[in-house]
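Visitor: Requesting a structural model of the entry that follows:
(2 chains)
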Number of protein chains: 2
Amino acid sequence: MNRESSSSHRIPPSGPVCPIPEVDGDRIQLGHGSGGRMSTDLLRDHFLPAFDNPTLRTLGDGSVLRLDTRDIVVSTDSFVVSPLEFPGGDIGRLAVNGTVNDLAMMGADPRFLTAGFILEEGLPIELLHRVLVSMADAARAAGVTVVAGDTKVVDRGKADGMFINTTGLGRLPPGCRPAPQKARPGDRILVSGPLGRHGITILAARKNLELTVDLESDTAALHGLVAGLRREIGAQLRVLRDPTRGGLASTLNEIASASRVGVELDGDALPIPDPVRGACELLGLDPLYVANEGVLVAIVAEGSSGNALDVLRQHPEGREAALVGTVVADHPGFVSLRTALGVSRIVDLLPGDQLPRIC
Amino acid sequence: MNRESSSSHRIPPSGPVCPIPEVDGDRIQLGHGSGGRMSTDLLRDHFLPAFDNPTLRTLGDGSVLRLDTRDIVVSTDSFVVSPLEFPGGDIGRLAVNGTVNDLAMMGADPRFLTAGFILEEGLPIELLHRVLVSMADAARAAGVTVVAGDTKVVDRGKADGMFINTTGLGRLPPGCRPAPQKARPGDRILVSGPLGRHGITILAARKNLELTVDLESDTAALHGLVAGLRREIGAQLRVLRDPTRGGLASTLNEIASASRVGVELDGDALPIPDPVRGACELLGLDPLYVANEGVLVAIVAEGSSGNALDVLRQHPEGREAALVGTVVADHPGFVSLRTALGVSRIVDLLPGDQLPRIC
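Guide: This next block holds a predicted model:
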């Protein structure tokens, strides 16, 4: 675990020489992943109290669920964010909200989560406990139940504190099926909130960057916004995505490509907070590619954008929702940005990373 | 990534100085986890061809499934085995079979899998490709469809080549509900095959041990055996478990504890292959705690053990099935082993690991 080489021009993904915080107290040992008594004790003392529910208490190889629907939505996501805790959240909260949002973006009601943990030997158990409590809190807030789990431990230096996989199951109500293929020329593009907060917060939390910003991660569950849109505009809701890794630019490029349409963004309408704009200028980043963890992009039929904005703005997470662009028949597969000066530029998919390990 | 310290008395979990094999060709870069063009290319060139199916091809944030049942079984498992490839299998095959088996042990028909990958920067893409092809092959053989996936990349030295999470969904047919709480005095204990092959194979594959054994991992999907047992003996099938981490001893301890019964094992009846016995003697290990990845433990009502053995032996994976013990009312919560000399000893839950990173 040496300090990152500085020969690379990318932003180093993790800063401190020792990524496991120096705290007193017990630490994870390899035996905690053994399936023996140490595993059982860890489960009993930390995992079960956090997530306690009748399904989990059976402790079989899996869980039996009832979803009362034929149409089940499933989504999986692994979280490797560094650092593990940051202003506004932590890897556990991110893992719950991230998978809840993936289900919500399919138009589903999130219901159940599984959680798989890969722990590094030496991880303070106190830190694990904080993350579990935070996950459980996020799960309660989002109305999802953690129904199955698994913990593995790898030797020191073979992971980075903690990785979490969350897999989610949701119920798909009849009628509304937003999909990346469904954008049509004339549709309007909305975002539910300010852009770039998560990515810049993580960057500033990395101790090797001398960057202080007045920001918190936007991590939040967005299924309430989706339920509102579904109810209010139904099938006029064409596409839903959360612009996480790769930011708004990458998400819109994927939609433009999937729907074979062009996208025109209005640079002046994009809600980019001053601290995000300032940090991006300092670091040479483009805020359109910075990750969000509590923002959705909704593409809606032309006549529904007013209603949709009203719905979004009724929710705390959607208070600063904005109309930011239009779907066009021109330049299919491409996203263009009109700037204040009236000129347009193409906002392409980046080849690789601006900011690795952001989620 | 220094050589393991030898001060610990446990068996080092990974051997080579550089765990990423030295091969020519392209390697995973951080950009492959960015959500940008490199991610898209990796998905298109490697993941989609391996797992191709209509659900996965939609490339949304998740997948819509039909299970046509109210009772869904879900199970999650992360795999961190070292080395990534070993005689008889690899981390991908293990990840598919492991989760298929967790579903099968609940009495379910495995149907769908999700797969989450955490890749270390520098992993040879050729090795990733081999693992994906092997996973796809195992999934086809087990009749499960991979319906959602996710890939993250962490910087060099922050993982160990590759970790995989698989989460599985299955259909629970009516009637048969094996559970760890259902063992009753008089019930018979069967194992479906020889013990200890996976654990000892992995150990021998670690290059820092000078150990040559004529063994392959037993990794296999066991849902066919379970379907046979369900059909043949129905509710007489009380408990099903696969003795993976912690081996047969840990699994039986959990069952004894959950059912509040004692377990008596017949030492002479335990099918332990000579190479497993030899390696264990050499290394001071107890084969009862060594992991299996293609063996199940079935606890069945007294009068059904003959039928159950017949069913198991009809399958290639169950050819060497054996009756190895009895559930008793004595010493509830404990497992005892009668040896050839007629004496009994208690086979307790180990506190920690004999063999870390075995799956």
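
Visitor: Just the CA coordinates for stretch A:83-98, please, in CSV.
Guide: Backbone C-alpha positions of stretch A:83-98 (Å, rounded to 0.1, in the frame of the first residue of the first chain) are rendered in CSV as follows:
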residue,chain,number,x,y,z
PRO,A,83,-13.0,7.1,1.1
LEU,A,84,-15.6,4.9,2.9
GLU,A,85,-17.1,7.8,4.7
PHE,A,86,-17.6,11.3,3.3
PRO,A,87,-19.7,14.4,3.9
GLY,A,88,-23.3,13.5,3.4
GLY,A,89,-22.9,9.7,3.4
ASP,A,90,-20.8,6.6,3.3
ILE,A,91,-20.4,3.5,1.2
GLY,A,92,-23.3,1.7,2.9
ARG,A,93,-25.8,4.5,2.4
LEU,A,94,-24.6,4.9,-1.2
ALA,A,95,-25.0,1.1,-1.8
VAL,A,96,-28.6,1.2,-0.6
ASN,A,97,-29.6,4.4,-2.4
GLY,A,98,-27.7,3.4,-5.6
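
Visitor: buried sites along that stretch?
Guide: A:83-86, A:88-98 (16 or more other C-beta atoms under 10 Å in any protein chain shown). Bear in mind the C-beta positions are built from the backbone N, C-alpha and C, glycine included.

Visitor: quick one: strands adjacent to the strand ranked longest in chain A?
Guide: Using DSSP state E to define each element, chain A has its longest strand at strand A:109-120. Using DSSP bridges, the strands paired with strand A:109-120 in its sheet are strand A:145-154 (parallel), strand A:162-171 (antiparallel).

Visitor: rewinding a little: show me which of the buried residues of stretch A:83-98 neighbour chain B.
Guide: Here nothing survives when the buried residues of stretch A:83-98 are matched to chain B using C-beta under 8 Å from any C-beta of the partner chain.

Visitor: And the residues you listed, which is closest to chain B?
Guide: Taking C-beta to the nearest C-beta as the measure, chain B lies nearest A:Gly98 of the buried residues of stretch A:83-98, at 9.8 Å.

Visitor: Return the list of helices and strands in contact with the strand or helix carrying that closest one.
Guide: Per DSSP states H and E: A:Gly98 is located in helix A:91-105. Applying 3 or more C-beta pairs under 8 Å, 6 or more residues apart in numbering or on different chains; DSSP states H and E, one finds that helix A:91-105 contacts strand A:71-79, strand A:109-120, helix A:125-142, strand A:162-171, helix A:223-233, strand A:237-241.

Visitor: average pLDDT for the longest one?
Guide: Averaging pLDDT along helix A:125-142 gives 97.

Visitor: and the angle from the longest strand of chain A to strand A:71-79?
Guide: 30 degrees (axes from the mean of the first three to the mean of the last three C-alpha atoms, to 10 degrees).

Visitor: Extract the CA atoms of strand A:109-120 and return them as PDB.
Guide: Taking Å, rounded to 0.1, in the frame of the first residue of the first chain, the C-alpha atoms of strand A:109-120 are listed here in PDB:
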ATOM      1  CA  ASP A 109     -41.200   0.100  -6.600                       C
ATOM      2  CA  PRO A 110     -38.100  -1.000  -4.700                       C
ATOM      3  CA  ARG A 111     -38.900  -3.800  -2.200                       C
ATOM      4  CA  PHE A 112     -36.000  -6.000  -1.200                       C
ATOM      5  CA  LEU A 113     -32.200  -5.800  -1.100                       C
ATOM      6  CA  THR A 114     -29.400  -8.300  -0.700                       C
ATOM      7  CA  ALA A 115     -26.000  -7.200   0.600                       C
ATOM      8  CA  GLY A 116     -22.600  -8.800   0.000                       C
ATOM      9  CA  PHE A 117     -19.600  -7.500   1.900                       C
ATOM     10  CA  ILE A 118     -16.000  -7.900   1.100                       C
ATOM     11  CA  LEU A 119     -14.000  -6.800   4.100                       C
ATOM     12  CA  GLU A 120     -10.200  -6.200   4.300                       C
END
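
Visitor: Direction-wise, compare that strand with helix A:125-142 and give the angle.
Guide: Counting by the same axes, to 10 degrees, strand A:109-120 lies at 170 degrees to helix A:125-142.

Visitor: List the buried residues of strand A:109-120.
Guide: Using 16+ other C-beta under 10 Å as the test for burial, strand A:109-120 gives A:109-120.

Visitor: Just put those residues in TSV and tack on pLDDT.
Guide: As requested, these are exported to TSV (pLDDT from 0 to 100):
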residue	pLDDT
A:Asp109	94
A:Pro110	96
A:Arg111	94
A:Phe112	95
A:Leu113	96
A:Thr114	96
A:Ala115	97
A:Gly116	97
A:Phe117	97
A:Ile118	98
A:Leu119	98
A:Glu120	97
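
Visitor: Does A:Ala298 belong to a helix, a strand or coil?
Guide: Secondary structure, DSSP: H, G, I helix; E, B strand; the rest coil: A:Ala298 is strand.

Visitor: Mind listing the residues bridging to it?
Guide: A:Leu190, A:Leu240.

Visitor: what about it, distance to A:Ala329?
Guide: From A:Ala298 over to A:Ala329 the distance is 20 Å, taken as C-beta to C-beta, to the nearest Å.

Visitor: the more surrounded of these two?
Guide: Using other C-beta atoms under 10 Å in any protein chain shown, the more surrounded residue of A:Ala298 and A:Ala329 is A:Ala298, with 29 against 11.

Visitor: what is the mean pLDDT for stretch A:295-315?
Guide: 98.

Visitor: Please, which helix or strand holds A:Asn253?
Guide: Per DSSP H and E: helix A:247-259 holds A:Asn253.
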